[in-house]
Structures are given as C-alpha cells and as structure tokens.
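Participant: When you get a sec, could you give me coordinates for this:
(chains A and B)
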There are 2 protein chains.
Amino acid sequence: MHTDLVAALDIGGTKIAGALVDGRGRIQVRAQRPTPAREDGDTVMRAVEEVLGELGASPLWERASAVGIGSAGPVDASAGTVSPVNVPGWRDYPLVSRVRAAAGNLPVELIGDGVAITAAEHWQGAARGHANALCMVVSTGVGGGLVLGGRLHPGPTGNAGHIGHISVDLDGDVCPCGSRGCVERIASGPHIARRALENGWRPGPDGDTSAAAVAAAARSGDPVAVASFERAAQALAAGIAATATLVEIDIAVIGGGVGKAGDVLFDPLRKALRSYATLSFVRHLTVAPARMGTDAGLVGAAAAALAKRPDTAAAGV
Amino acid sequence: MHTDLVAALDIGGTKIAGALVDGRGRIQVRAQRPTPAREDGDTVMRAVEEVLGELGASPLWERASAVGIGSAGPVDASAGTVSPVNVPGWRDYPLVSRVRAAAGNLPVELIGDGVAITAAEHWQGAARGHANALCMVVSTGVGGGLVLGGRLHPGPTGNAGHIGHISVDLDGDVCPCGSRGCVERIASGPHIARRALENGWRPGPDGDTSAAAVAAAARSGDPVAVASFERAAQALAAGIAATATLVEIDIAVIGGGVGKAGDVLFDPLRKALRSYATLSFVRHLTVAPARMGTDAGLVGAAAAALAKRPDTAAAGV
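Facilitator: Presented below is the predicted three-dimensional model:
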C-alpha cells in the first residue's frame, strides 16, 4: 500500500475545505461544505465529517497516512482543541480527537490558519528559501505565522505569529480581543473601509464600500482612500518591524484580500518600514506579496502533516 | 589537560568584564577594565586584550576551551562584528577575530548582551525550566532575549529579543534609533525619571533624580511618581504581550535597575498585562523579577560558549 498522500482540512468561518494532497503539494481530490458557523458545535462537526466522508469515498483515500488541519484560531495544538472566534459553537472543542475518529484513526496534526498559510508560502510560495520569515493574511482579520531557523514555528499551542493582535498603539481604539491598538484594528479590510468612509470617502454608483473599492479609489488618486491605505501600511510596518526586531526575520509575505491591493498598499508599506525597521539587523527586511492562491490553507495543512511523518521531509517545513 | 572551563567576556559601555567560568556556571577567576568608550576602536580593543591577558595569566587558563562574548549591541554574530551604540569607535568592528587572536585561537561565540542575560536566567535563574521565555534588562536602555522551544534563540545575527526597540506607540515620540514610540523610549530608567520631572515630581534634598529615586517616591505614594511607573509598565506590558502573541512565551523575566523597583513596577505591570495579553494562548503569561545578579552577562556568555562545545550541554541552553 502506498502512503504518499495526506488529507488536509482548512476550517474557516465561511467554509470547510478538504483535500487529498500529494508529497509535492498537488491537490488530488477536493471536498467542501459551507461552515454552519452559527449552529451548535456538533452541527459544525457534522460538516467536517461530511467533507472527510467525501474524501474517504475516493479510491485514493487508502494512500493517505495522516490528516493536517489548519483552523481559524485560537487553536490549542497541545490540547487538540479549537475555539475559533467566528464559530461560537466551538469552544475548547476537541477537534483533533473527533477528526481522528472520523478518519479511521490516522494521526492528526493541528495548526492555526495563519501558521498553515505560512507553511504553504514557505514550502512553495514567496517565502521559499527564506530561513526566517513572517507570512501574513490581511483580510477581514489579520493573521500570520513564522518560519524561524528554516522551520515552521507554530509554538506550543499552534498560534505563534498572531501579528493581528499585537498592539502598535497602546492608547488606541479598543479591539474586540480586549486589547488596544492592535494591528488588525487599524489594517484589516473592514477598518480600511471604515476609516475611508469616516473621513469622507464615498463609494461609486455600485455602492461598493469594501476595502477593494477603497483600493480602486486610491489607485485613481482619491486622497482619503490613499490616506486610509497609508495608515494601514503604517500599522503593518510597525508590526512587521516589531516581529523582525524580536526574532530576526528577513522577509514578510503579505496575502489575503488587502494584500492584493498592490502598490497602494506596498508602496506606503515599504516607505513606513524604513521608519520603523531601523536597527542594523532588521534594515534589510523585504516585503513581498503572497504567491499561493486560495489553496494556501489546504497546502499548508498538508505540509504540516507531511512534516510529522517520519519518512517524509516536505521541503524545509 | 582538562578543558572544563570557558572564558567569558561581558562588554558594555561602562566596563569590560572577563572571567573563567566552570561547567556549572561558577566564576573561578575575574578581570575587569573600564570601557574607554569615547576612544578609537583599537584603544577599546586594548582594554579587552588586557582583560584577556589577566585571565591568561591564571594557571586555570589552560583549561579553557572556548570564549563566549556578550556584547552591547547591535552585534552581527554571522559576520563576527559589533557596532555598540555607546561605543562609537566600534562600527562593524571585527571583535570575534580580534578576540580569537588574543585568546590563542580558541573558538569564540558572540551574542548580544540581552541574549547573554537570557542564557544566564534560563540556565540558572528565573527562566529555568521554562521552554519559552523572554528575559529583559530594563535599565538605562531596554534589552532582551528569547528562549524558544527550550533553547536560546539568538537569531542569525545574535540580536533576537531586542524588545526595547519595538514600537508600541506608532505615532509616539521619536527614538534615537529612528523609530517612534519604542518600549525603551517609554520604559527605560532615564525616561521614567524624565516623565516624572516633566509632570512636577521633585527630588529630595539629596537632589537624586534617578529612576530609583522616582521608585522610592512612588513607594511613598507620590502620585506623579506612581503614574510614571504605571506608564512604563503599560509600555512593557504591550511589548511583552506582543512578544507572547508572536512566539508564545509563558514567562517574562525582568532585570536591570528598573526591574529592581519591585511592586511599584510589577503591580501595574501585571495589571496592564491583563489588558494587553488577551488571547487564550497568552492569557496565562507570568512575569517575574530576574534572579541572576550583576554576573548574569558573564554567566550567559559562558553558557553560550559551553553550548557550542560538542562535549558539553549547559542545561537547556
């Protein structure tokens, strides 16, 4: 029997995606369900079981040797539980044991979704070849993960790299997490849009008030839209510089919807980094857009599972 | 010939200390010179050579198998050079090759002074037994180092854990490093004293305007002195919480002169941490005063040298 595949789960507040992934990160079989995020915990789990059941119906399933899970956080890899902010039915939910039971007792590896994205970018994306990297998702929320000394650094509970909730403005606005002035509270898509609207930006005839619409306005030179992206870039720069100063990363990779804004984000971000990343050992830090697409969570979860198999070495993960 | 000792150097802006240290961290021989910090680079180096010469005159020297250096930063461990902010004659100064030449070609291990303190606290002090720790020196400046996954994490250049220069106030006062709102700019001893004076605190008849005098006033209930320590504690809490959120530490150890202030620092610090360290995986973070005394830099430099010897394992370093 070949065991050259792993199963991967990417669990978010909107969808639960699953796949069988080979040792080179190629997705062979897919399954997906919407996340019943407002339902009770067992109902959410049934959606996960349906995804696993669909994968299990594939003739390739018998070649799967492990399951990797990248989940919305916080997670607790040491306890095998998850408590995703946007899935209230899951609080300290024993996801690892439930998945193991549903997957015929295969070994299960759990990491946070930001860590999964990082595993994917380090394996095959923009952080490939970098021994020390921060990978971020800047979207509805802001998440991230770290590669240190050439290896994924999930931390004891699988949440390391949670850059969205470090404070860069200690007297700033209260964040839903309870802290103040978090990077996410300034740089997420909804906050980019909110700040533009508060300062007088108005959407076009289509009424689109998303961060993508603000990005389009910024590209057309709208000064309020430009300023809102500059403020987001400033917060991201302070957070990235803090990370580099603490753990010596040499690249920050930015994905997610806001990461796709292009120059209206990256130009002010590179400028702001020159202000905040000043010490000799962080001054050469670069930033780059993410390269992995929407499958990054699945590929990263697979990478984490592959890295735990004794007979396999997913490159650098 | 026994090779159970290492030589250690602790190089700061005020003094250059040296020692022969045994495998249990006990100092067997000492030497010290004032740092001629305003002189040219070779003059500073001559003081280092005098310290090494004095150690070399000991009959124990022949048992030394390596030299560990903890230096004021920034350092560049990969290049073997140092550029201490407060020793302007040393810029990219090839300290490692110079020390190797002066020490009979023994292997030389270079780390930043914050990393050295951390090695000492993890080996024998307040961080002992903790797999993930931040150790800080809060004094004239603010420095630090990290233990991750049970091991010292110096980073590629030996500067990781440089918490004094992460921004917790992105619109805040300009720091000499060029950034804004750095932890050091708010929480160092001189800034605690400056803030108290600016807000109306006045020293006693002895004219002492040090942070220690502000701490004494705070203990007596002076509200301006209390407020200055509270502000320092807030900045330290934001920085410590950011570190925990990024790399999942479970203890922060605080040494240095300001760390000796006791409850006037630690009470507001623990309170502020409850505000900034809010996510499930950082909420149980504790803070503790440092346990190693003024020899921490020497003991930590020795630990780093011992950890690099193939035949030795300094506990957990």
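
Participant: Next SSE downstream of the longest helix along chain A?
Facilitator: Ordering each helix of chain A by length in residues (DSSP state H) puts helix A:223-247 first. Downstream of helix A:223-247, the first helix or strand assigned by DSSP states H and E is strand A:251-255.

Participant: Need the CA coordinates for that next one. PDB is fine.
Facilitator: These are the backbone C-alpha positions of strand A:251-255, laid out as PDB (Å, rounded to 0.1, in the frame of the first residue of the first chain):
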ATOM      1  CA  ILE A 251      11.100  38.700   4.600                       C
ATOM      2  CA  ALA A 252       7.400  39.500   5.300                       C
ATOM      3  CA  VAL A 253       5.000  37.900   2.900                       C
ATOM      4  CA  ILE A 254       1.500  39.500   2.700                       C
ATOM      5  CA  GLY A 255      -1.500  37.700   1.300                       C
END
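
Participant: Is there proximity between it and chain B?
Facilitator: No. Strand A:251-255 does not reach chain B (CB under 8 Å from any CB of the partner chain); its nearest approach is 12.4 Å. Glycine gets a C-beta too; all of them are placed from N, C-alpha and C.

Participant: got the contact list for that strand?
Facilitator: Taking CB atoms under 8 Å, 6 or more residues apart in numbering or on different chains as the criterion, the residues outside strand A:251-255 that touch it are A:117, A:121, A:125-127, A:130, A:132-138, A:236, A:240, A:243-244, A:265-266, A:269, A:285-292, A:296.

Participant: Among these, name the ones in strands.
Facilitator: A:133-138, A:286-289 (DSSP state E).

Participant: Residue A:95: what's it in contact with?
Facilitator: The contact partners of residue A:95, by CB under 8 Å, 6+ apart, come to A:11, A:45, A:48, A:69, A:71, A:80-82, A:110.

Participant: number of nearby residues for residue A:244?
Facilitator: Close neighbours of residue A:244, defined as other CB atoms under 10 Å in any protein chain shown, add up to 28.

Participant: sorry, that was for residue A:197
Facilitator: Using other CB under 10 Å, residue A:197 has 15 neighbouring residues.

Participant: In three-state terms, label it for me.
Facilitator: Of the three states, residue A:197 takes helix according to DSSP: H, G, I helix; E, B strand; the rest coil.

Participant: Look up the pLDDT of residue A:67 for me, please.
Facilitator: Looking at residue A:67, its pLDDT reads 98.

Participant: what residues are up against it?
Facilitator: Counting by CB under 8 Å, 6+ apart, residue A:67 makes contact with A:6-9, A:99-100, A:103, A:106-109, A:305.

Participant: Helix or strand: which one has it?
Facilitator: Per DSSP H and E: strand A:64-71 holds residue A:67.

Participant: what are the pairing partners of that strand, and which direction each?
Facilitator: In the sheet, strand A:64-71 lines up against strand A:5-11 (parallel), strand A:108-112 (parallel) (DSSP bridges).

Participant: picking that back up, quick one, which of the contacts of strand A:251-255 are buried?
Facilitator: A:117, A:121, A:125-127, A:130, A:132-138, A:236, A:240, A:243-244, A:265-266, A:269, A:285, A:287-288, A:290, A:292, A:296 (16 or more other CB atoms under 10 Å in any protein chain shown).

Participant: ok, and of these, which contact chain B?
Facilitator: Subset of the buried ones among the contacts of strand A:251-255 in contact with chain B: A:132, A:243, counting by CB under 8 Å from any CB.

Participant: buried stuff in stretch A:22-30?
Facilitator: Across stretch A:22-30, burial judged by 16+ other CB under 10 Å covers A:23, A:25, A:27, A:29-30.

Participant: how about TSV for the residues you listed, with pLDDT, distance to residue A:225 and secondary structure added?
Facilitator: As requested, the buried residues of stretch A:22-30 are exported to TSV (pLDDT from 0 to 100; distance: CB to CB, whole Å; DSSP: H, G, I helix; E, B strand; the rest coil):
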residue	pLDDT	distance to residue A:225	secondary structure
A:23	95	45	coil
A:25	95	37	coil
A:27	97	37	strand
A:29	98	42	strand
A:30	98	37	strand
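
Participant: what's the farthest-apart pair in the residues you listed?
Facilitator: Largest separation among the buried residues of stretch A:22-30 by CB to CB: A:23 and A:30, giving 17.5 Å.

Participant: In the stretch 51-200 of chain A, where is pLDDT below threshold?
Facilitator: Within the stretch 51-200 of chain A, no stretch has pLDDT under 70.
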